[in-house]
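Engineer: my questions concern the predicted model and sequence given below.
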Amino acid sequence: MQPNEKHRRQMIEQLEKLHQDALDLETKFAPAIKQVHPSFRKSARNLLHYLSLRQHDIRQLQEDLAQLGLSSLGRAEGHVLASLQAVHDLLCNLLECTIIKKQLAVTYNESSELLAKHTNELLGPAPKKRGTRIMVTFSTDLAYDHELVKRMLLAGMDCARINCAHDDEKVWEAMVESIRKAEQETGRSCKIIMDLMGPKLRTGPLKPGPALLAIRPIQNELGQLVSPAKVWLAPPDTPSEVPVDATLPLDETWLAQLQQGDRLRFKDTRGRKRTFTVIQRKEKGVIAHLFKTSYIGTGTELTIKKASALERTAQVGQLPASVAPIILRKDDLLVLNREQIPGEPALYDAEGHIVKPAHIACTLPEVFSHTKTGQPILFDDGKIEGVIMEVSEEALLIKITQAKESGSRLLYDKGINLPESKLKLEGLTQQDRNNLPFVVKHADAVNLSFVNNTQMIEALHEELKRLKAPKMGIMLKIETKEGFRNLPHLLLTVMKNHPAGVMIARGDLAVECGWERLAEVQEEILWLCEAAHIPVVWATQVLESLSKKGRPSRAEITDAAMSQRADCVMLNKGPFVLRAIELLDNILKRMQEHQHKKTSMLRMLHVSEMELPGTEGKKQV
């Protein structure tokens, strides 16, 4: 039943209260609004209006408005007061009440214009026929594969992400040079975004094992060969000119006799018979294909069988030490050390009882001052779960509560999450400060990883001023529970700088907040950022199976379609990244015809052969 006159007047009063409460919150935060960049002033006011609106439960009001055929305020994020005013005025017209026009922070049209402007300034201009940008995370091999970088740009890449947690300045510089060269050659622009590593908790080093190298061809999910491993055979300390899967040091004189088509036989460390096939001769070495997984150690002997060979055999030179992972199962114990002692697996006696539990170090000492017994701890993006049993200044004793039945591998530099611990990490790490001069010189924007509090953003602002780069774009990576809880304050602080954006780092965020809450948390971040007219990057595992294995899952296609509501979507590099870019480009173009943010775009549908009068012969793709 539709609301009667008395109920409609109550609805008007409720709308007026919502409007006034929004203005009151704006007044309360007036000093903060004055500090934001002029380009974000209106957006900051609207963000506060939205936060005020969401402090109320207006579900009944929404239902009543919908019954009258009016807006139910479900898409008011970008223009809160304008939406409240519009519905209020329509109700007043129905009751022939006097309408008092109030000043609005942002009109409906201004909302779209502000978001588009802020997105263009941070992520570059929108490509033709697609509003949502595509970002690709660069892996080490892309530093030396310019042709692939060029093809990625032509396929639809709009932004490149370089993570300072990996590689070094030499590799980063090669990536930047390749991107800039590809821009010139293709006529397409590509923004470069560089991640500061941030205060991420990671596992420390492991005790070195034997000098051993495992080389594996690429296989599909059925174990069938997709591509042979590409191996560079060259004198020691001679880098390959092209991307390869592995490098083996060999005697220069012996290598000089090798030609395309030669077959090099050997037994790997397990005694398995294997063969390298030389496919290309280079000035300083050869590139060979390997079709079966092989374990090669220092001293492994390669043999060439041809009459013209001067020397038939050669031994593989000194290889780097391998690292044996720590294998953890449910109910195992693990010691997490403050001191950077190389980690080791558990030690067992002759009867199979643990004499000494496995141990590994942690990269941040703050862990040992702010954790408590009974709190959960997770490793390697949540693949291994545990609970803290004992806490001391030097170590944590952890009982593993979740791992693979066959045992989960824990390696060096894997993430550690403490979702219920408040670590009070403030400011920038020394490593971040060391990396910033390079970032400022080469990148268009900087990603602040694991941002938890406003002090971290303020510290970055100060450092950018010191480096004479106050106008550099800043993107907040939201990947912790604390960062999500503090998001409104983080947004108001980052808005002191222009341009600015947010990345939803769904991997760590899911581990911190729980996989079951990820979708809900993701939506809330999208809403808050739309209210602040701040662009959002939808990141982590988008079309991951396609990029890595060549075939997407059904769930990944749906996820990619939903990602169109963000302003940019991030892909990770893999052997099939070009296919992933092309498919994502196609999906985003199609989905923008159906939705914009939370708004459904009702274009004409053809769901059956039935035709309505006047639509005969029309086709819809």
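Structural biologist: Yep, that arrived.

Engineer: could you double-check that R551 lies in contact with S545?
Structural biologist: Yes. Judged on CB atoms under 8 Å, R551 makes contact with S545 at a distance of 6.2 Å. C-beta coordinates here come from the backbone N, C-alpha and C atoms, glycine included.

Engineer: what sits up against the longest helix along the chain?
Structural biologist: Assignment by DSSP state H gives helix 5-28 as the longest helix of the chain. Helix 5-28 has contacts (CB atoms under 8 Å, 6 or more residues apart in numbering) with 3, 33, 45, 48-49, 51-53, 55-56, 58, 61, 64-65, 68, 80-81, 84-85, 87-88, 91-92, 94-95, 97, 102, 105.

Engineer: please point out which parts of the helix or strand following it sit buried.
Structural biologist: As assigned by DSSP states H and E, the chain's next helix or strand after helix 5-28 is helix 30-35. Using 16 or more other CB atoms under 10 Å as the test for burial, helix 30-35 gives A32, I33.

Engineer: next, the contact list for A82, please.
Structural biologist: By CB under 8 Å, 6+ apart, the contact list for A82 reads L104, V106, T107, Y108, S111.

Engineer: could you say which helix or strand contains it?
Structural biologist: Using DSSP H and E, A82 maps to helix 80-95.

Engineer: that helix vs helix 5-28, what angle?
Structural biologist: Computed by axes from the mean of the first three to the mean of the last three CA atoms, to 10 degrees, the angle separating helix 80-95 from helix 5-28 equals 160 degrees.

Engineer: each with direction, which strands does the worst-scoring helix or strand of the chain on mean pLDDT pair with?
Structural biologist: Least confident helix or strand of the chain, by mean pLDDT, DSSP states H and E, is strand 599-600 with a mean of 78. Here strand 599-600 has these sheet partners by DSSP bridges: strand 595-596 (antiparallel).

Engineer: distance between the strand it pairs with and the chain's centre?
Structural biologist: Mean-position distance between strand 595-596 and its chain equals 23 Å (CA atoms, centre = their mean, to the nearest Å).

Engineer: repeat for stretch 28-48
Structural biologist: 28 Å.

Engineer: wait, P552 touches V542, no?
Structural biologist: No. Contact criterion CB under 8 Å: P552 and V542 do not qualify, at 9.8 Å.

Engineer: what do these two both touch?
Structural biologist: When contacts are counted by CB under 8 Å, 6+ apart, P552 and V542 have A560 as shared neighbours.

Engineer: circling back: what subset of the contacts of A82 is buried?
Structural biologist: By 16+ other CB under 10 Å, the contacts of A82 give L104, V106, S111 as buried.

Engineer: for L396, which non-adjacent residue is closest in space?
Structural biologist: Excluding the flanking residues, the one nearest L396 by CB to CB, 6 or more residues apart in numbering is L336, at 4.3 Å.

Engineer: that neighbour reaches C362, doesn't it?
Structural biologist: Yes. With contact defined as CB under 8 Å, L336 counts as touching C362 (5.2 Å).

Engineer: who's more crowded, those two?
Structural biologist: Neighbour tally, L336 and C362, criterion other CB atoms under 10 Å: the higher count belongs to L336, 24 against 21.

Engineer: how far away is that one from G386?
Structural biologist: Distance, L336 to G386, using CB to CB, to the nearest Å: 9 Å.

Engineer: what residues are shared contacts of the two?
Structural biologist: By CB under 8 Å, 6+ apart, the residues touching both L336 and G386 are I377, I398.

Engineer: show me where the stretch 501-621 of the chain has helices.
Structural biologist: Assigned by DSSP state H, counting those that start in this stretch, the stretch 501-621 of the chain shows helices spanning 506-513, 518-531, 544-549, 554-562, 577-591.

Engineer: actually the stretch 351-500 of the chain, not the one I typed
Structural biologist: Counting by DSSP H, counting those that start in this stretch, the stretch 351-500 of the chain has helices at residues 430-442, 454-466, 481-485, 487-494.

Engineer: the second one vs helix 430-442, what angle?
Structural biologist: Yep, that's helix 454-466 we're talking about. Using the same axes, to 10 degrees: helix 454-466 against helix 430-442 is 50 degrees.

Engineer: so which residues make contact with helix 454-466?
Structural biologist: Under CB under 8 Å, 6+ apart, the answer for helix 454-466 is 196, 198, 425-428, 433, 436, 440, 446, 448, 451, 470, 472, 474, 476, 486, 489-490, 493-494, 496-497.

Engineer: kindly recompute the last result at 7 Å.
Structural biologist: Helix 454-466 is contacted by residues 426-428, 433, 436, 448, 451, 470, 472, 474, 489-490, 493-494, 496-497 when judged by CB atoms under 7 Å, 6 or more residues apart in numbering.

Engineer: who wins on neighbours among those?
Structural biologist: Going by other CB under 10 Å, V451 tops the contacts of helix 454-466 with 30 neighbours.

Engineer: just give the nearest non-adjacent residue to that one, would you?
Structural biologist: Leaving aside its chain neighbours, V451 sits nearest to L476 (5.0 Å; criterion: CB to CB, 6+ apart).

Engineer: ok, the spatially closest residue to D508 that is not a sequence neighbour - contacts?
Structural biologist: The shortest distance from D508 to any non-neighbouring residue, by CB to CB, 6+ apart, is to E479 (3.7 Å). By CB under 7 Å, 6+ apart, the contact set of E479 is F450, A505, D508, L509.

Engineer: now tabulate the residues you listed in JSON lines and tack on pLDDT.
Structural biologist: Putting the contacts of E479 into JSON lines (pLDDT from 0 to 100) gives the following:
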{"residue": "F450", "pLDDT": "91"}
{"residue": "A505", "pLDDT": "93"}
{"residue": "D508", "pLDDT": "87"}
{"residue": "L509", "pLDDT": "90"}
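
Engineer: stretch 100-109: how far from the chain's middle?
Structural biologist: 36 Å.

Engineer: L347 contacts V355, doesn't it?
Structural biologist: Yes. Counting by CB atoms under 7 Å, L347 touches V355, with 4.7 Å between them.
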